[in-house]
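Peer 1: coords please:
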Amino acid sequence: MDTIVIGIDGGEWNVVDPLLKEGHLPNLSQLVQTGVRGELASTTPPVSPPAWNSIQTGMNPGKHGIYDFSSFDERYQRRSVSSSDRQATPFWRVMNDSEVTTGLFKLPFTYPPDEVDGFFVTGFPTPDSVSDYANPMSVHDIVGEPEQLFESYEKRDEGNYVGFKQNLLDVADRQTDLLLDVLDQRDPEFLLTVFDGADRLQHFFWKYVDESHPRFKPHPELSSAFQEYYEVIDDGIGRLLDHIDGEPNVLIISDHGFEKLSYDVYVDEWLEEAGFLTREAPGSALSTLNRSVGDIIKQAWGVVKSIGLDSQVEAILPEDVFESGREMVVQSHSHQLTDWEQTSAFFSTLSGQSIFVNLEESFAEGTVSESEYEDVIASLREGSSS
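Peer 2: Modelled structure (predicted):
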């Protein structure tokens, strides 16, 4: 093997450096001492979907076409993005065309996987219920079901945060075990694997670890969550390097950094105040109807989850239907209905960190012509639609 790339989703030097100084990460420390390091320059926006696709293609989001976990169709309905939405050539095709074999293990945003000269196991967000997430079949047989490679939110949803933390640690450790099993059978010239639990861990546990967090909550079993997870990654790095003959090139990469969330910005509210977005009046017939339907869906979904049938429902419903139902439960702003015929711009999602212009050519109830597009952009930058 010539080159190993190890990804840490959300890897952050401000988290790693204190652990290095305290001697908790010996393998990563050795790589830092014998190699070079630098500050990360991520994509705009600096979030996982565009960033990992830029890593895969060497292109910025405007060229590879991935900006968020989901996109909007002409009826303003969200659908999950997949590898089929990628509009640029990924590096493994270039390498395979040059007769370089590639092993890809848990690389995010690659489902469904390409056929490669080597092996491919897709990463987040691979659906739990699929069987075509790994190729060739001999690798699939080693890895087993995709749920073996991804965390479960069951314990978190139950309020068992210690159990959720442990699940993240177990998944990361199991990832190394399974990858080593695959490497016993296959020896690609290039290997890339990604530990994605760091992102989830830092999203959820930062307030238990950082005393400067405005929502800091002391918790004796959660305060060491970052250290424990990065120690598992470090152990995985050591085991992987010990397993491989020779002295391959080793790169440790990330898609974006991390920091505590100190405050919230409600972009839709700003757009409404600035005159770009209009919502249905609370008492209108359409608002009342949609609110009633929304309440029914939320109540029904709550019952499904409370009796533990959400996994069975996921298995029999199309993925987009299942995700819509689950999303309805967690999005408190789902009842704030948009009057599209009176809207020129709207916020995408928290992860997308972008504003969509309600173009006539893109949306069924679009209000902005192509010739007016630049004027709307200029008004957004100025902060007023008038």
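Peer 1: Give the burial count for Asp264, as a bare number.
Peer 2: By other Cβ atoms under 10 Å, the residues close to Asp264 number 7. To be clear about C-beta, it is placed using only N, CA and C from the backbone, and glycine gets the same treatment.
Peer 1: SS state for it?
Peer 2: Taking DSSP: H, G, I helix; E, B strand; the rest coil as the rule, one finds Asp264 in the coil state.
Peer 1: Leu222: neighbour count?
Peer 2: Quick note: Leu222 (other Cβ under 10 Å) scores 19 neighbours.
Peer 1: Leu31 too?
Peer 2: Leu31: 18 neighbours (other Cβ under 10 Å).
Peer 1: what about it, which SS state?
Peer 2: helix.
Peer 1: State the distance from Ile4 to Val368.
Peer 2: Applying Cβ to Cβ, to the nearest Å, the value for Ile4 to Val368 is 48 Å.
Peer 1: ugh, wrong one, Val121
Peer 2: On the measure of Cβ to Cβ, Val121 and Val368 end up 43 Å apart.
Peer 1: got it, and Asp210?
Peer 2: Taking Cβ to Cβ, one finds Asp210 at 42 Å from Val368.
Peer 1: Then Ser84?
Peer 2: Distance from Ser84 to Val368, by Cβ to Cβ: 28 Å.
Peer 1: What of Asp268?
Peer 2: 17 Å.
Peer 1: Wait, Leu178 touches Pro146, no?
Peer 2: No: assessed by Cβ atoms under 8 Å, Leu178 is found out of contact with Pro146, at 11.2 Å.
Peer 1: thinking Pro26 is in contact with Asp234, fair?
Peer 2: Yes: in terms of Cβ under 8 Å, Pro26 counts as a neighbour of Asp234; the distance is 6.8 Å.
Peer 1: quick one on the thing from earlier: so between Ser84 and Val368, which is more surrounded?
Peer 2: More crowded of Ser84 and Val368, by other Cβ under 10 Å: Val368, with 20 against 8.
Peer 1: Tell me if Val5 really is in a helix.
Peer 2: No: counting by three-state DSSP, Val5 is not part of a helix but strand.
Peer 1: what pairs with it across the strands?
Peer 2: With DSSP bridges as the criterion, Val5 is bridged to Leu192, Leu251.
Peer 1: thinking it is in contact with Leu192, fair?
Peer 2: Yes: under the criterion of Cβ under 8 Å, Val5 makes contact with Leu192 at 4.2 Å.
Peer 1: who has more neighbours, the two?
Peer 2: Leu192 (22 against 17).
Peer 1: Surely Asn135 touches Gly118?
Peer 2: No: with contact defined as Cβ under 8 Å, Asn135 and Gly118 do not form a contacting pair (9.7 Å).
Peer 1: out of these two, which sits in the more crowded spot?
Peer 2: Gly118 (21 against 18).
Peer 1: so how far is Asp242 from the more buried one?
Peer 2: 21 Å.
Peer 1: More neighbours: which of Pro26 and Asp234?
Peer 2: Asp234 (21 against 13).
Peer 1: so that one is in which element?
Peer 2: helix 225-243 (DSSP states H and E).
Peer 1: mind listing the strands for the stretch 51-200 of the chain?
Peer 2: In the stretch 51-200 of the chain, the segments counted as strands under DSSP state E, counting those that start in this stretch are 70-72, 78-80, 102-107, 118-122, 134-135, 190-195.
Peer 1: could you give the mean pLDDT of the fifth one?
Peer 2: On average, the pLDDT along strand 134-135 is 96.
Peer 1: for the second one, same thing?
Peer 2: Across strand 78-80, pLDDT averages out at 88.
Peer 1: Return the set of buried residues in it.
Peer 2: For strand 78-80, the neighbour count (16 or more other Cβ atoms under 10 Å) marks Arg78 as buried.
Peer 1: helices or strands next to it in the packing?
Peer 2: strand 70-72, helix 319-330 (3 or more Cβ pairs under 8 Å, 6 or more residues apart in numbering; DSSP states H and E).
Peer 1: Touching the helix holding Asp234 from outside, list them.
Peer 2: Helix 225-243 has contacts (Cβ atoms under 8 Å, 6 or more residues apart in numbering) with 4, 6, 8, 15-16, 19, 24-28, 31, 165, 168-169, 172-173, 175-176, 179-180, 183, 193, 195, 197-198, 201-202, 205, 208-209, 250, 252.
Peer 1: Brilliant, that's me finished.
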